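**Q** below are the sequence and a predicted model for it; my questions follow.
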Amino acid sequence: MAEKKSVQRKPPISGWEEYVADEDRKAAAVVVVRKRVVGLFGIIAAISAIASYYFRTNDARAMIRNNKDRSPKDAFLQWFVENGGTFHPIGPGYGGATANVTIGEFPSYGGWGLALTVPETSSDSSNGCRQDDDVQGQCTATERRERTPVIRHLDPLFTVPSSIIITVQSVIETYASALPNFRTKVNAILDRSFPNGPGLASRGMGLGQQDAIIAAYLMAEDCQHRHPGLFENGEDSFWGAYLDVLPKSAIPRLDTFGDEDYAVLRDELLERAGRESRRLLGHLFTNDDTADGGDGNGFRTVVRDMIRRKIGQSTPPTTIPDSCISFDAFHRFVGITSSRAMVLKGVKHLTPLAEMVNYSPKVGNALPFDLYHTLLKDNSITVRSDRDVFLPDSSGGATMIQLFEDYGPVDSSLFLSAHAFIPHENPNNCATIAGATFLRRSAAVGRFDENVEQLFQALKALRLIHPEVTKFEALDDVCVKESLQIIDDGNDIGRKPASDSIAIASLILGDSDNTAWDRIEKEYGETFASLRDKCISAIQSGDVERIEIRCARFPESDHVVKEAIQKAASRAFVDHGDSEEKLLLQLQDAETKGRQQLTLALRFRIEERKILNQIVHFKGEVDVSHKKSVDDEDQIDSSESQGNLDKKLDAFKLFVETLGLPLNKLEPKLLGNGMRVGAFATEDLNVDDVYIALPANSVIDVNTALVDTDSDFKALVKKFSNWSQENGGFDALLLYLLRERFILKERSRWWPYLDLLPSIEELSAYHPLFFTEKEIDRYLSGSDVRRSILKYQRHASERHRALSADLDVNLLLSDIVSDKRKVFWATAILDSRSIWWSGLRHLVPLLDLVNTDNNGVAHQTQLVDWDGTESKTAVTVATRQVKKGEQVFENYAQPNHVLFTYHGFLLEENAYDCALVDGLSIHRSMVTTFCIRDLSSIEELAQFLRTKYGLSIASSEGSSVDDDVRPYLIQVLEERIARLTEATDTNIHVDRYALPRLQYMRQIVKNDLIHFRRALEMILEA
């Protein structure tokens, strides 16, 4: 099973020392902590406590001595606060109550957990709900509690100073000077155990390597804590209070399993991983493959040196207890670090208190883990709430509730292998299905198999198999959720590696008994045999684009994959062995006997068995897209839309009058016939007449966003401002647009303009940013525009991910920026309506209603000096004569593929039209596009091909199309002609009654074929 790149966290494990305090003592602890919080709020320790055992102050010694007389909970909380830990104020919440973050014991979660204590409050509901909360102004106390969270999403809970956070760097800083050979010895051990690793590097260290170093540090501190009499002045470890709240027994990770546990688990990959982890840890500790023996050049000697340095010189030398340098101790602390340390920017941070937060899945949009665990400039870490927290309905007495967090989108195999627990609820859990179970028959061993060879060539062409693999054996294993969604498949738009591999194998090595083939033949007139023949033909052509469309993205390929998954799951379910009833009885017995590893193995197996069964019996549709597709029944009612537009347009006209335009000869009007709004001339216009003048305060751009917003949002705009020619302030403007449209709404001064813009639903009907991959694959089959639109969608998705992972953005726009459709809406608006001048993009009310046609020269807006104004004014001039009352048009001077990609339409007559050539590259990181329409564009392509294939560069005097480069040109064009011809021959019915977007896509395919055929004729004649 593939390793998941995720923050590694877990709930506490059983085996901790029990601590039960009476209610008076709990209340006193809350008071003490509350006083500490108020007194120390905002203080971050500046002195490293990692080295404090060398320079312990009298106050620190007194604190440690006092801790011995306190309960583990009280001692830890005091230690945390005294060393700079900060609890952020919580509340006031319902009834004006304040609350305190603390820790509590939660036996069902195996020990400690983060908690919220709420003092006794009144449950009187006389205040009711505010008028803006409830129309009646009358709400019960319970309803008010549900409406008012005591903790809100992204509220800070506590901050942990760097002085009590353990990292590899802090360990090195502690011992590098005290033990001269420390760094060299540790680096040698890592190099020997991980010969291909970076060793003791500041960056790039593996997580397991970091675990080992932090574990060694904890072993030395734990030895001092358990045997203080051996150390100078009988002093306890600085970390004693923290060590007392860590597990006292080994974490039952996968590498603690025995033969019986692995046999019950029945997962070869996990067993192999667990056994290899155990072997590697033994080698790390003793430089041997077992936990005993070795040559003494492992971490055992490192820990021994660390302890001796802490003890100091003595005569005779102090004997170190075996328990301090045992493999069991090392294994336990590796398990603690692996399961509890958070990973931020590739570095493990063992963070007291933060590692006590137990797991519970979050409902709603999942945001990155590090959004809630902020690594500050001073290397302290602030932990924030990843959800709203509400008080439970109680009688008004003192309340303690547990606070949870989501550890990220990982399946239960990671929870088992690294964190040693199986969640009772995990929406990201999946069942592993072996790749071999997807094949009707296994690959022939020892003899040539033509079908297997064809499959291998297809997988290799699409980079779905490792380039160094020389023969096909089986598909990769996949992990599938109960909804039939394959984990890590299709995370990047345009790439579905697992689904594509299964589709290809089903077509080439499968058989025709899949019911999906019957469906395809009925709906598309394509038989299994004809689809397979087209795939084989594409493989033989070597055209990667054609192979992808014909072998992996053929019509209804998603349904073929669905049936293949269900058949494979059925085989895996049968192979899973014992019935669920028998496994549940075994689980009950294991729990009764306290066999933790066997309990985990059984829970994992039962959960996987349930998922396999749900997959087999799944009846719904497969979610093959992250975006909604707008079908006929989703279309907006035209009469209602037109009526709404009338009202919006009247409000917009009044708004334009408030802009104070120095000159305006435009008037907005409804167009009808399914169109929206256009701009009409209010008087006769001649060529070069200025028809609109725009002062700076009448347009929306980055400067507007800086002037209009409060200080917090202004700082955000500055952060995302990008004044480059390529971007024009896109990200900053996008954030401003989201704020004005979805947060301020009617309160925005731009509202009449924003309200007139197409809605998300309207854009979804025609803008390619919202189309599904399935639709794009089908109707743009054969055209490089398909690749271009998928790339555009991918970039928009990456922007959405980046913005939704940014803390500053979330603090101001959390609910908005997490909604992908809203971010896509703003992206589409900016890409389709921006008007450029002076290197910046602008949204220009009224001017952006001017539609395009194919006449005149390209439009241009430019800055000029204008009488009566101190600053420059943007003006646009007419490129043709226009009579009063006629619609004003401008020539956007763009080919149809650009108009369609960014605007959602195309022109039947377009002098700038051309056929897009995308995907050509000299190396993978440099992909170049060309637009083929005339001899000049062909010559540009020829010059590129000369460079790509190492041909001599043609002189500027003659034609670059000669006999050297002609074969390569012909190959590029013939590949596209072949796939476009095949696409136009495909049984895809798009008539004049079809949705416009479908007509546009099929027209692009036809136009591309015409352009390429014409270009090929020119090359052959040249």
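**A** It's in.
**Q** any weak-confidence spans in the stretch 551-700 of the chain?
**A** 621-643, 674 (pLDDT under 70).
**Q** again, 80 this time
**A** 575-577, 620-643, 672-675 (pLDDT under 80).
**Q** which stretches in it count as helices?
**A** Applying DSSP state H, counting those that start in this stretch to the stretch 551-700 of the chain gives helices spanning 557-575, 580-592, 596-616, 638-657.
**Q** now swap in the stretch 401-550 of the chain and tell me
**A** Using DSSP H, counting those that start in this stretch, helices in the stretch 401-550 of the chain cover 412-414, 450-461, 497-508, 515-524, 528-541, 544-547.
**Q** and of the ones you listed, who's closest to Ser748?
**A** Nearest to Ser748 among those is helix 497-508 (42.6 Å), distances taken as Cβ to Cβ. Just so you know, the C-beta spots here come from the backbone N, C-alpha and C atoms, and that holds for glycine as well.
**Q** who are the packing partners of the closest one?
**A** With contacts defined as 3 or more Cβ pairs under 8 Å, 6 or more residues apart in numbering; DSSP states H and E, helix 497-508 has these neighbours: helix 450-461, helix 528-541, helix 557-575.
**Q** average pLDDT across that helix?
**A** Computed over helix 497-508, the mean pLDDT rounds to 95.
**Q** likewise stretch 529-540?
**A** For stretch 529-540, the per-residue pLDDT averages 95.
**Q** stretch 936-952 now?
**A** 92.
**Q** where in the stretch 351-500 of the chain is pLDDT low?
**A** When residues are selected by pLDDT under 80, those of the stretch 351-500 of the chain lie in 364-366, 391-398, 440-448, 490-492.
**Q** 90 instead?
**A** Flagging of the stretch 351-500 of the chain using pLDDT under 90 yields the residue ranges 363-368, 390-400, 408-410, 418-419, 436-449, 466-474, 488, 490-495.
**Q** and the stretch 801-950 of the chain, by the same measure?
**A** 814-815, 838-840, 854-860, 862-872, 919, 921-928.
**Q** can you map out the strands along it?
**A** Along the stretch 801-950 of the chain, counting by DSSP state E, counting those that start in this stretch, strands occupy 835-837, 840-842, 851-852, 861-864, 873-877, 889-890, 915-923, 926-932.
**Q** what about these, which gets the closest to Tyr736?
**A** That would be strand 840-842 among these, by Cβ to Cβ, at 11.9 Å.
**Q** closest one to Asn297 among the helices of the stretch 401-550 of the chain?
**A** helix 412-414 (32.1 Å).
**Q** which helices and strands does that closest one pack with?
**A** By 3+ Cβ pairs under 8 Å, 6+ apart, helix 412-414 packs against helix 596-616.
**Q** buried residues in the helix it packs on, which are they?
**A** 596-609, 611-616 (16 or more other Cβ atoms under 10 Å).
**Q** so who does Val888 touch?
**A** 666, 678-681, 685, 691, 850, 878, 882 (Cβ atoms under 8 Å, 6 or more residues apart in numbering).
**Q** what strand or helix carries Val990?
**A** For Val990, there is no host helix or strand (DSSP states H and E).
**Q** for it, give me its contacts.
**A** By Cβ under 8 Å, 6+ apart, Val990 lies in contact with 779, 998-999, 1002.
**Q** quick one: the strands in the stretch 351-500 of the chain, in order.
**A** Using DSSP E, counting those that start in this stretch, strands in the stretch 351-500 of the chain cover 358-359, 373-375, 381-384, 399-402, 404-405, 431-433, 478-480.
**Q** closest one to Phe655 among these?
**A** strand 381-384 (39.5 Å).
**Q** name the residues that touch the closest one?
**A** Counting by Cβ under 8 Å, 6+ apart, 154-160, 165, 342, 344, 349, 351, 353-354, 357, 371-376 sit against strand 381-384.
**Q** for PyMOL, what selects the buried ones among these?
**A** Applied in PyMOL, the following selects the buried portion of those according to 16+ other Cβ under 10 Å:
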select buried, resi 154+155+156+157+158+159+160+165+342+344+349+351+353+354+357+371+372+373+375
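**Q** what distance do you get for Arg70 to Phe76?
**A** 9 Å (Cβ to Cβ, to the nearest Å).
**Q** can you list the weak-confidence ranges in the stretch 101-250 of the chain?
**A** 107-111, 117-150, 177, 180-181, 192-197, 199-204, 231-234.
**Q** go with 50
**A** Applying pLDDT under 50 to the stretch 101-250 of the chain flags residues 122-139, 141, 144-145.
**Q** related to what we said a few turns ago, CSV for the strands of the stretch 351-500 of the chain, including distance to Ser570?
**A** Output for these, formatted as CSV (distance: least, Cβ to Cβ, whole Å):
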stretch, distance to Ser570
strand 358-359, 32
strand 373-375, 42
strand 381-384, 44
strand 399-402, 40
strand 404-405, 36
strand 431-433, 10
strand 478-480, 12
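**Q** of these, which is nearest Leu230?
**A** strand 381-384 (33.0 Å).
**Q** mind listing the strands that closest one pairs with, and their directions?
**A** Here strand 381-384 has these sheet partners by DSSP bridges: strand 156-160 (antiparallel), strand 373-375 (antiparallel).
**Q** of all the ones you listed, which lies closest to Ala398?
**A** strand 156-160 (19.7 Å).
**Q** quick one: contacts of the helix or strand following the closest one?
**A** Heading C-terminal from strand 156-160, the first helix or strand you meet, by DSSP H and E, is helix 168-175. For helix 168-175, contacts defined as Cβ under 8 Å, 6+ apart pick out 48, 50-51, 162, 182-183, 200, 202, 205, 210, 213-214, 216-217, 306, 309, 347-348.
**Q** the strands of the stretch 801-950 of the chain: which one's closest to Ser530?
**A** It is, among these and with distance given as Cβ to Cβ, strand 915-923, at 26.6 Å.
**Q** mind giving me the packing neighbours of that closest one?
**A** helix 784-804, strand 926-932, helix 935-948, helix 966-985, helix 996-1021.
**Q** any idea which of those scores lowest on pLDDT?
**A** strand 926-932 (a mean of 89).
**Q** run a quick neighbour tally on Ile103.
**A** Neighbours of Ile103 under the rule other Cβ atoms under 10 Å: 24.
**Q** my bad, Arg976
**A** For Arg976, the count of nearby residues is 27 (other Cβ under 10 Å).
**Q** excluding its backbone neighbours, what's nearest it?
**A** Phe1012 (5.2 Å; Cβ to Cβ, 6 or more residues apart in numbering).
**Q** just checking, the one you found touches Leu973?
**A** Yes. Between Phe1012 and Leu973 a contact is recorded at 5.2 Å, counting by Cβ atoms under 8 Å.
**Q** more neighbours: which of the two?
**A** Leu973 (25 against 22).
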